[in-house]
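Novice: compute the structure for the input listed below.
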Amino acid sequence: MSVETARAGDKRTAICRVTLSGTDYRRAHDACHVAALLWNQATEWVHSEWKEKRSPGKYAIQRFLTALPSGERPLHAHTTEILAHDLADAIATYRTNRKAGMKVRAPWRKKNYRPLSFTANFGWRVTPDGRLALSLGRGRPRIVLPLPRVQDSARGELVEASRWGEIQLCWDRDARQWSLHIPYETVREGSEGTNLIAIDEGIINPMALASWVGERTIEVTVINGREARAVKRRRNKGVGAIQKRLSRMKDGSKRHRRLVAAKKRIKAKATGQLRDFDHQVASRAANFAICHQALRIVAGDVRGIERNTKQRQSAGRHLRQQLSQWSRGTQERYLAEKAGREIEHLNESGSTKTCPKCLRSNRPWGRHYRCQGCGFTCHRDAVGATNILQKAIHGEYLSIGPDTEIRVTYLRAVERWSKDQRQAHRLVQRRKARALSSAPNRALPQATAVSERVPANPSTGASAPGPLAAVA
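Specialist: Numbers count the residues shown, from 1 in each chain. Reported below is the predicted structural model:
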C-alpha cells in the first residue's frame, strides 16, 4: 500500500519565448553586451588578485563591480550582484572539478553576450495594467512586455507571478529569439512506494527500465531512441554540408551570411526537436516508475564515458561523435523532476554481458543476447537493466532463477508513424481518392450543373438546348 504525500520545494524553470519591440530590443541588446563586458572585467581582476596571492570571494567581486562608475554599468544593481555571484560559482565549480582530477581551466574566456538576471520585486515587477516590467536601473527606461503564461508542468495549472523567482532574459543566437527563463516552485503529489527501479542507459535506446513484479516476474520497458539519432544525423549532415561551402567563401560576403543563417536555422530546429524528445523519454520513464510505485531509481553509472576516448583509443570517430552528443544527463534531470525521485548511480561494468540466469559472460550480438551456456535469449538492454536491478538489491550480480520470466515491452519515445505505416496509409488514401474520382461519378454532377445553368430563349421562352441535349 502506498501513502500519498506532497513533495514541496521542487524547482522548475519555464522557458517562454517573447517578442520585444524595436526600442526594447536595442535596450536588451546593449544591456547584454554591457553584462559581458562587466564579466570580462571581473575575470581579469580576479586573475590579477590571484597573481598577488589573494583569493577574493563572491562579495569581494561584488564590491569590485559595484564600485565602478554608474556610466560603466548601466544595469540594475541586483543584476550586477548576480553577475558577480555567477562568476564566484564558476570558480567554485572549477576548483571542485580540479580536485576530482579533471583537466579544466579557471574562467578566462572573454564573452560578448551575457543573459540579464532580474530579481523578484526589484529587478522585475508586474505593472498595474498587467504587464511585465524589467528594470535596467534607476533613471533608465524599463523593458516592458506582455505578462507570460507559466503553466506548472507537475500539476497542469497556471503559476501566478507571486510564485516566480529570479527571471533571466536570454537570447538564442541560433533561433534568433528572446526568451524568459522563469523559475518557480511546484508541489507534486507523489506516492511513497516500496519498489526499486533499475535503468540501463544507452545511445540507441535511451532507457531500459526494470522492476520486479511478484516473485517470478521482472517487468522491463525499453524506450526506443532512434528518432533522436535521425535528428542528430540530419543536423550533422546539414551543418557539415554548409560548413564545407563556407570554407570556400569570403567572410562577410552576402552568400556567406546567408549560409551562416541557414546553419543556425538547422541547429535551432534540431535543438527544439531534441528537447521535445528528451521530455518524451523522461515522461515514459516517469510513468513506468509511478505505475510500479518506485521508492528508489538506480541507473548504471556511465558518467564521463565520453571523456578521453581518443587518447585511450577506446572508440572510433563516429562513436565519439555519438557519445559527445548524448543527452543522458538532461534525460536524467527531466526524469528526476517528473518522477519526484533522485537518480542514484552504481557501477554497471559487465551488466550487458552477464547472463541473468547462469551468470556466464557472453558477448551480445547487436540488440540480441544469447547465452552460450544455458541458451537464455532476451533483448540486450533488458539483460543490462535486469542485472543492474539485481546488483542494486543484493550488491552483486545474482541469478534471477530458472523459473523467472522477463517480460519486455517496447515503446517509442515519440508516437509517430513508422515508414511502413505511413506508406500503408497513403495507399488507402489513394484508393479512396480513385473511388471518388471515377468517370461515371464525375460526369453526372457536371451534366446536372450544365442543365441548371442553361439560360431561357427570349423569343420562345423555352430553354436553350445544352451541350448534352444537342448531342442527343
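
Novice: now do residue 44 against residue 349, distance only.
Specialist: From residue 44 across to residue 349, the span is 45 Å (Cβ to Cβ, to the nearest Å). All C-beta spots, glycine's among them, are computed from the backbone N, C-alpha and C.

Novice: which one's more surrounded, those two?
Specialist: Set side by side, residue 44 and residue 349 show more neighbours around residue 44, with 12 against 9, by other Cβ atoms under 10 Å.

Novice: helix, strand or coil for the more buried one?
Specialist: helix (DSSP: H, G, I helix; E, B strand; the rest coil).

Novice: let me know the pLDDT of it.
Specialist: For residue 44, the pLDDT comes out at 96.

Novice: next: residue 239.
Specialist: For residue 239, the model assigns a pLDDT of 95.

Novice: and residue 427, by the same measure?
Specialist: So residue 427 comes in at 83 (pLDDT).

Novice: tell me the contacts of the closest residue to residue 204 other than its chain neighbours?
Specialist: In space, and not counting its chain neighbours, residue 204 is closest to residue 225: 6.2 Å by Cβ to Cβ, 6 or more residues apart in numbering. Going by Cβ atoms under 8 Å, 6 or more residues apart in numbering, residue 225 touches 202-206, 277, 281, 413.

Novice: could you identify the most distant pair in those residues?
Specialist: Distance extremes for the contacts of residue 225: the farthest pair is 202 and 277 at 14.6 Å, using Cβ to Cβ.

Novice: quick one: buried residues of stretch 187-205?
Specialist: Buried residues in stretch 187-205, counting neighbours by 16 or more other Cβ atoms under 10 Å, are found at 188, 190, 193, 196-203, 205.

Novice: per-residue confidence for residue 71?
Specialist: Residue 71 is assigned a pLDDT of 84 by the prediction.

Novice: an error on my part: the question was meant for residue 326.
Specialist: 91.

Novice: kindly report the same for residue 245.
Specialist: 94.

Novice: what do you get for the one 4 residues further on?
Specialist: On the pLDDT scale, residue 249 is placed at 90.

Novice: tell me which residues touch the closest residue in space to it that isn't next to it in sequence, please.
Specialist: Spatially, and ignoring its direct neighbours in sequence, residue 249 is nearest to residue 256 (4.6 Å; Cβ to Cβ, 6+ apart). By Cβ under 8 Å, 6+ apart, the residues touching residue 256 are 246, 249-250.

Novice: quick revisit: out of the contacts of residue 225, name the ones that lie in helices.
Specialist: 277, 281 (DSSP state H).

Novice: can you show me the helices along the chain?
Specialist: 22-51, 58-66, 77-99, 226-246, 254-291, 309-312, 317-324, 328-339, 380-394, 419-436, 439-453, 467-471.

Novice: out of these, nearest to residue 123?
Specialist: Per Cβ to Cβ, nearest to residue 123 of these: helix 77-99, 5.1 Å.

Novice: report the inter-axis angle for the closest one versus helix 22-51.
Specialist: On the basis of axes from the mean of the first three to the mean of the last three Cα atoms, to 10 degrees, helix 77-99 is oriented at 50 degrees to helix 22-51.

Novice: for helix 77-99, enumerate the helices and strands it packs against.
Specialist: helix 22-51, helix 58-66, strand 116-118 (3 or more Cβ pairs under 8 Å, 6 or more residues apart in numbering; DSSP states H and E).

Novice: direction included, what does the shortest one pair up with?
Specialist: Translated: strand 116-118. Sheet partners assigned to strand 116-118 using DSSP bridges are listed as strand 167-172 (antiparallel).

Novice: give me the angle between the strand it pairs with and helix 254-291.
Specialist: Calculated by the same axes, to 10 degrees, strand 167-172 forms an angle of 130 degrees with helix 254-291.

Novice: quick one: average pLDDT of strand 167-172?
Specialist: Rounded mean pLDDT across strand 167-172 is 94.

Novice: in that strand, what's buried?
Specialist: In strand 167-172, counting by 16+ other Cβ under 10 Å, buried: 167-172.

Novice: now do that strand: distance to the chain's middle.
Specialist: Remark: strand 167-172 is offset 17 Å from the chain centroid, using Cα atoms, centre = their mean, to the nearest Å.

Novice: can I get it in CSV, CA atoms only?
Specialist: Output of strand 167-172 as CSV, limited to C-alpha atoms (Å, rounded to 0.1, in the frame of the first residue of the first chain):
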residue,chain,number,x,y,z
ILE,A,167,13.9,35.8,-14.1
GLN,A,168,16.5,35.7,-16.9
LEU,A,169,16.2,37.3,-20.3
CYS,A,170,18.2,35.2,-22.7
TRP,A,171,19.0,35.4,-26.4
ASP,A,172,19.1,32.2,-28.6
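
Novice: what sits up against it?
Specialist: Counting by Cβ under 8 Å, 6+ apart, 28-29, 32, 113, 115-118, 120, 123-124, 134, 143, 177-183, 268 sit against strand 167-172.

Novice: and those residues, which are buried?
Specialist: Using 16+ other Cβ under 10 Å, the buried ones in the contacts of strand 167-172 are 28, 32, 115-118, 120, 123-124, 134, 143, 178-183, 268.

Novice: picking that back up, show me which of the buried residues of strand 167-172 is closest to residue 52.
Specialist: Nearest to residue 52 among the buried residues of strand 167-172: residue 168, at 33.3 Å, using Cβ to Cβ.

Novice: quick one, what contacts the residue lying closest to the closest one once chain neighbours are set aside?
Specialist: Once flanking residues are discounted, residue 168 sits nearest to residue 181: 4.2 Å by Cβ to Cβ, 6+ apart. Residue 181 sits next to 13-15, 115, 167-168, 170 when contact means Cβ under 8 Å, 6+ apart.

Novice: burial count for the nearest residue to residue 222 once chain neighbours are set aside?
Specialist: Spatially, and ignoring its direct neighbours in sequence, residue 222 is nearest to residue 208 (4.6 Å; Cβ to Cβ, 6+ apart). Using other Cβ under 10 Å, residue 208 has 28 neighbouring residues.

Novice: can you list the low-confidence ranges for the protein?
Specialist: 1-9, 188-192, 417-418, 436-472 (pLDDT under 70).

Novice: is it true that residue 31 touches residue 75?
Specialist: Yes: Residue 31 is within contact range of residue 75, at 6.2 Å (criterion: Cβ atoms under 8 Å).

Novice: of these two, who's got more company?
Specialist: More neighbours surround residue 75 than the other of residue 31 and residue 75, with 25 against 22 (other Cβ under 10 Å).

Novice: which residues does that one contact?
Specialist: Here residue 75 is in contact with 31, 34-35, 38, 116, 136-137 (Cβ under 8 Å, 6+ apart).

Novice: in JSON lines, list these along with distance to residue 340.
Specialist: Listed next are these as JSON lines, based on distance: Cβ to Cβ, whole Å:
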{"residue": "31", "distance to residue 340": "37"}
{"residue": "34", "distance to residue 340": "40"}
{"residue": "35", "distance to residue 340": "35"}
{"residue": "38", "distance to residue 340": "39"}
{"residue": "116", "distance to residue 340": "32"}
{"residue": "136", "distance to residue 340": "38"}
{"residue": "137", "distance to residue 340": "40"}
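
Novice: distance check, residue 103 against residue 361.
Specialist: Residue 103 is 33 Å from residue 361, by Cβ to Cβ.

Novice: how about stretch 311-326: buried residues?
Specialist: 322-323, 325-326.

Novice: of these, closest to residue 147?
Specialist: residue 325 (36.5 Å).

Novice: that'll do, ta.
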